[in-house]
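Trainee: Take a look and give me a structure for this.
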Amino acid sequence: MDFLLSKIDESWDISTNLADKMNNLKRKLERLNALKEDTESRTRAELHPRKKLKKEVELWLTNVKRINGEIQDLEQKLGESSVVSRGFLKGNVFKKTQEVEALFEWGKLQDSLVVDDNRWIGQALSTTTLFGEAAKICMAKIWAYLMDDDVQRVGIWGMGGIGKTTIMKLVQNKLLKETKKFDIVLWITVSKEINIGKLQNKIERALNATLGEDEDEAIRAGMIHEMLARKGKYVIILDDLWDKLSLEEVGIPEPAKGSKLLMLGVCSRKKLVKKLSYQYLLPIVKSVAEECAGLPLAIVTIATSMKGVCNVHEWRNAVHELSRHEKSVNEIEEKVFQQLLFSYDRLQDEKLKHCFLCCALYPEDYDMDTKELTELWVAEGLLEEMDSMQIEIDKGHTLLNKLKNSCLVETVIDEYATRNKVKVKLHDIVRDMALRITSVRPRFLVRAGMQLKEIPDVQDWKEDLEKASFMENWGLLIPCEIPPPKCPNLTTLLLSKCSIESIPEDFFEQMYGLKLLDLSYNNFKSLSNSISNLKTLTTLLLGSCGKLEKVPSFSKLEALKKLDLEFTRIKDVPHGMDKLVNLKYLGFNGAYITEMGDGILAKLTSLQYLGMINGNMLMKGEEIGGLRILEMFEVRFGELNELNSYAQALQARIRRPRRYSILVSPQWDRTIQRGGRLIEINGYNICCANGIKIPSDVENLVIKSCSVDLHRKERALFSWFAIPRPLNTFSSLSEIYIVNCNIEKLFSSNWVLDNLHNLSWLAIEECDDMVEIIASEIKSETKVEEEGITSTTRIEKHL
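Mentor: Numbering: from 1, shown residues only. Predicted structure coming up:
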């Protein structure tokens, strides 16, 4: 009897011990699966074209999947086994625990998850469906030439807009999918203004190579020649070729047997007629198509402008207008411009027309940021000024949509762009039309992206000139002896990204009507004094002028609404800042300024954006809270009391900021995050007599290198945080990040239930003293799990 009882006790001990070990295994597996999720997230971020997943990573993911299945089977066996037979499974649990631990350590060793994909031969392009027998026959002919080893060069010529590029994109994608005949396929857009350096840069990016910007073009051509020769059989497609091109200067070798060179040029013409459901209009619509020279670009543009028009009289009038536009035009290319001009004229709204023309200020093939465009339109007075930056951006998008719907601008598809970073561009022919319009009235002077070495002579600066753009001419020189251009009607001058070393003192002297001046990304140390007298100036952009140390007085620039001095070497607030009472945007991020000066900020009551994050500038919470219409800001407070003051001042405001980044730290932290509504507290003792007051709308909260008094460590960290009345809850808080803090407890259970309804992410790192995340109080632990964060929140804890 004693022997039997002893065996029963022993079996009971084995069963209890085995249950503990199984629970330990499941916890370790949960940790392994969290690492697997992180690895899969990294994989999605790193796995771009030309990359493939490392075999080691694939093997690790396979093993993690396998071990999950095996542990599930083991758990099922344990549930079905008797008390006695469970002892035989103890070794299996121990073995699986070791495997999980080994897989976890293996997974942590992964550095980069991807390697170059040697199977990648080219980038697939976005295309449309091919319609019409003629186009399909053309594509079949091109494909036959590509498959013929005796053909090394293929030329595809025709008027701009007839569909050459569309057909060749389909051909390129077919090459990538259906044949292993070639080792690499490259698509290079040449553009109307042939630039050898730019072409070499495009080929360099396509080959995923680095040639060095400082190398001579001839040397770079030799390097490209060698790389292409090493690739084996290649296909190079040169799109948008308008003029003769020296392959030798670029570095493209003469194609040997097996390699192909395809050139898409502008010449000749081809007619297309679009079918229409309204049969009675068909003869007139055919006339319109003929007037468009059969060009898809012109047909689509004009058809869009006539969308919804079913009246025969309106269509006849359209034919008449098209014919009238065509008078005195002999060349077929000129005819295309006239057809596009028809759609421009149908915009009707003069401001909308002017908005479109402003798009031509940017370089050819330039991806225009919609926010940047909107700000230009506002500065020009083309877009109604609002008391909210967001409303202005929304109105800008509305105007852009009208231009898109008229097929005058096109959206740039960028898979890496965020939702708020939409870009647009002009088709080459559409841009040429806009430049032709602006060569007369309104008169523009556009030399953007043309690699100018010197600014145009003064005779090119006409008195009736309204806008001028020389942006992206790196190394541009403005000679000191050039007379000041006499342009009293000039409203916009774009000189950004030109590496300008100096500007003559009197250069802006006779630009009395200037509203927008963009001098960002240049290398001058001081700013011309003649800027001081530009009384109509509303926008002055000097951001990323990394050598700029001195600016003149701004006391006369009372019309100024946007001032960007971010990432300059300016140490003192410019003289006359207190006079800029109309200022809406003030950017000092990354500058060397240490203080604003007493009372200056309080006078800038129109501010909607304030950027003051840099190594030295400390702001006052009450001052920031006093800016009643501030929508976005980035600042650093030097004391926790300043954060309390800001949170308290915010309670009296009806309109709250949409976005902010607040760093509360005695030291500058370069790693502060941006975006959303974020507060970072860094390097403080959290135990405050009055607690720490936080704005109720905070979304992201970061606490770094903070401490709690030893005799108060039993109190949960977040019990020190509060929201000023009457809200008293963190209803918007979605992410919390705690790192390197000597705390034992993070939350009390009641605090979790009252505040963290929307928390989705919690990370804890390097908190060696941490004992509990949720300290038990009145409610039981089970109740907290049911109502709190554990069921909906991802928790990462790294000790």
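Trainee: Can you show me the strands along the stretch 301-450 of the chain?
Mentor: 368-369, 410-412, 423-425, 443-446 (DSSP state E, counting those that start in this stretch).
Trainee: Below-threshold pLDDT in the stretch 451-600 of the chain: ranges please.
Mentor: Applying pLDDT under 70 to the stretch 451-600 of the chain picks out no residues at all.
Trainee: Let me see the ranges of the strands in it.
Mentor: Here the stretch 451-600 of the chain has its strands, by DSSP E, counting those that start in this stretch, at 465-469, 492-494, 516-518, 539-541, 562-564, 585-587.
Trainee: who does the longest one pair up with?
Mentor: This means strand 465-469. With DSSP bridges as the test, strand 465-469 is paired with strand 443-446 (parallel), strand 492-494 (parallel).
Trainee: Just say which of those is most tucked in.
Mentor: strand 492-494 (a mean of 22; mean count of other C-beta atoms under 10 Å). Every C-beta, even on glycine, is put in place using the N, C-alpha and C of the backbone.
Trainee: Next, count neighbours for the closest residue to Asp365 other than its chain neighbours.
Mentor: Leaving aside its chain neighbours, Asp365 sits nearest to Ser191 (5.8 Å; criterion: C-beta to C-beta, 6 or more residues apart in numbering). Counted with other C-beta atoms under 10 Å, the neighbours of Ser191 add up to 18.
Trainee: Make sure Ser191 is actually in contact with Asp428.
Mentor: Yes. Taking C-beta atoms under 8 Å as the definition, Ser191 is a contact partner of Asp428 at 6.6 Å.
Trainee: Overlap in contacts, these two.
Mentor: Common contacts of Ser191 and Asp428, defined by C-beta atoms under 8 Å, 6 or more residues apart in numbering, comprise Asp240, Glu364, Asp365.
Trainee: Quick one: those residues as TSV, columns for neighbour count too.
Mentor: Shown next, in TSV, are the shared contacts of Ser191 and Asp428 (neighbours: other C-beta atoms under 10 Å):
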residue	neighbour count
Asp240	18
Glu364	21
Asp365	17
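Trainee: out of the residues you listed, which one sits closest to Thr43?
Mentor: Asp365 (32.6 Å; C-beta to C-beta).
Trainee: The closest one touches Asn195, doesn't it?
Mentor: No. Applying C-beta under 8 Å as the test, Asp365 and Asn195 come out as separate, 10.8 Å apart.
Trainee: In terms of helices and strands, where is Asn173?
Mentor: Per DSSP states H and E, Asn173 falls inside helix 164-178.
Trainee: After that helix, which helix or strand is next? Please name it.
Mentor: Per DSSP H and E, the helix or strand that comes after helix 164-178 is strand 184-189.
Trainee: which residues touch that next one?
Mentor: By C-beta under 8 Å, 6+ apart, strand 184-189 touches 121-123, 125, 169, 172, 175-176, 199, 202-203, 206-207, 231-232, 234-240, 365.
Trainee: Of all the strands paired with strand 465-469, which one is nearest Asp149?
Mentor: With respect to Asp149, and counting by C-beta to C-beta, the nearest of the strands paired with strand 465-469 is strand 443-446 at 46.1 Å.
Trainee: Show residues contacting that closest one.
Mentor: 357, 360-361, 435, 438, 456, 460-462, 464-469.
Trainee: Just the C-alpha atoms of stretch 549-566, please, in CSV.
Mentor: Coordinates of the C-alpha atoms in stretch 549-566 are reproduced here as CSV (Å, rounded to 0.1, in the frame of the first residue of the first chain):
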residue,chain,number,x,y,z
GLU,A,549,25.6,82.7,-40.9
LYS,A,550,24.3,86.2,-41.5
VAL,A,551,21.0,87.7,-42.8
PRO,A,552,20.0,91.3,-43.1
SER,A,553,17.3,93.1,-41.2
PHE,A,554,13.8,91.8,-41.7
SER,A,555,12.1,94.8,-40.1
LYS,A,556,10.5,96.0,-43.5
LEU,A,557,9.3,92.5,-44.5
GLU,A,558,6.0,92.9,-42.7
ALA,A,559,4.1,91.0,-45.5
LEU,A,560,6.2,87.9,-44.8
LYS,A,561,4.1,84.8,-44.1
LYS,A,562,6.6,82.0,-44.4
LEU,A,563,10.2,82.1,-43.3
ASP,A,564,12.4,78.9,-43.5
LEU,A,565,15.8,79.1,-41.9
GLU,A,566,16.1,75.4,-41.1
